[in-house]
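**Student:** 3D, please:
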Amino acid sequence: MTRPLSSTTTSPFAYADERTTNRAMLRVHPDRGIPDEAASILAEGVVAHVAFAMEGQPFVLPMTYHFDASRPTSVYLHGGHHSRLVRHLATRAPVCIEVTLVDGLVYSRTALYHSVNYRSVVVFGRAVDAPPAEVQRALLHDMVARYYPGRTAGRDYEAIPDAHLGATAFIEIAIEEWSAKARRGGPTGPRDADPAAPGSAGVIVLR
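**Tutor:** Numbering: from 1, shown residues only. From the prediction side, this is the model:
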């Protein structure tokens, strides 16, 4: 069971530790859990993979989104009004959102120990009522600024007209709980610490 948000906590999102809930539990490498970094990962991410099921058929869709780490109670998905996902979310059905940041490619002297350095977050939640038009307008401005830092309406692009708001949708997903996980560091193969061993080992840094 999750705890409600509290303004007195130091964590950016005051839900209980991820290992206390069944669906958010980290079952593989729980030592890699980084719940305090969940908000920063969402704020830095570019593509959200949104998973849902309709009539027994699972789907996963890549979507642009907006998240503000200063108000970490919701994720806003950006898409078309008449998409299958939007119709599904209107029923208040549960949804799962995943965002991954790839920080590096890890190569080892042993094939099995090649790996990836990453940070990822998995969010569980449900859609709530659509925000009013002026809130959606502000969200779209904020989303542009998040994806393209420094760009502002009226200087770098025209202000958003009502017609454009009507052609798109922001779906607010109220976050019920989340978990975050990371892999950091170099290769851990049995010969990777031996510079005299054949082959090579290291990390290709991407971020």
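
**Student:** who touches the nearest residue to residue 48 once chain neighbours are set aside in this structure?
**Tutor:** Distance criterion Cβ to Cβ, 6 or more residues apart in numbering; nearest residue to residue 48, sequence neighbours excluded, is residue 65 at 4.4 Å. (Glycine included, C-beta is placed from N, CA and C.) Contacts for residue 65 (Cβ atoms under 8 Å, 6 or more residues apart in numbering) come out as 45, 48, 75-78, 97, 143.

**Student:** and the helix-or-strand element of the chain with minimal mean pLDDT, what other elements does it pack with?
**Tutor:** Across the helices and strands of the chain, mean pLDDT, DSSP states H and E gives its lowest value to helix 162-166, namely a mean of 82. Helix 162-166 sits against helix 133-147, with contacts defined as 3 or more Cβ pairs under 8 Å, 6 or more residues apart in numbering; DSSP states H and E.

**Student:** Please report phi then psi for residue 84.
**Tutor:** Reported as degrees, to the nearest 10, the phi and psi values for residue 84 are phi -60, psi -40.

**Student:** just residue 62 next, same as before
**Tutor:** Backbone torsions for residue 62, taken as degrees, to the nearest 10, come to phi -80, psi 130.

**Student:** what's the helix or strand for residue 87?
**Tutor:** helix 84-89 (DSSP states H and E).

**Student:** what's next to that helix, contact-wise?
**Tutor:** Under the contact criterion Cβ under 8 Å, 6+ apart, helix 84-89 has outside partners 50, 52, 54, 59, 61, 63, 77, 79-80, 95, 126-127, 169, 171, 173.

**Student:** Quickly check the residues you listed for the two that are furthest apart.
**Tutor:** 80 and 126 (19.8 Å; Cβ to Cβ).

**Student:** Of those two, give the one with the bigger neighbour count.
**Tutor:** For residue 80 versus residue 126, neighbours defined as other Cβ atoms under 10 Å are more numerous around residue 126 (15 against 11).

**Student:** check which helix or strand covers that one.
**Tutor:** Going by DSSP H and E, residue 126 is part of strand 115-127.

**Student:** Now that strand: buried residues?
**Tutor:** For strand 115-127, a neighbour-count test (16 or more other Cβ atoms under 10 Å) marks 115, 117-125, 127 as buried.

**Student:** can you put the residues you listed in TSV and add pLDDT?
**Tutor:** Listed next are the buried residues of strand 115-127 as TSV, based on pLDDT from 0 to 100:
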residue	pLDDT
115	98
117	98
118	98
119	98
120	98
121	97
122	96
123	96
124	95
125	94
127	92
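
**Student:** can you redo those residues as a markdown table with distance to residue 201?
**Tutor:** Shown next, in a markdown table, are these (distance: Cβ to Cβ, whole Å):
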| residue | distance to residue 201 |
| --- | --- |
| 115 | 11 |
| 117 | 14 |
| 118 | 18 |
| 119 | 22 |
| 120 | 24 |
| 121 | 29 |
| 122 | 30 |
| 123 | 34 |
| 124 | 37 |
| 125 | 40 |
| 127 | 46 |
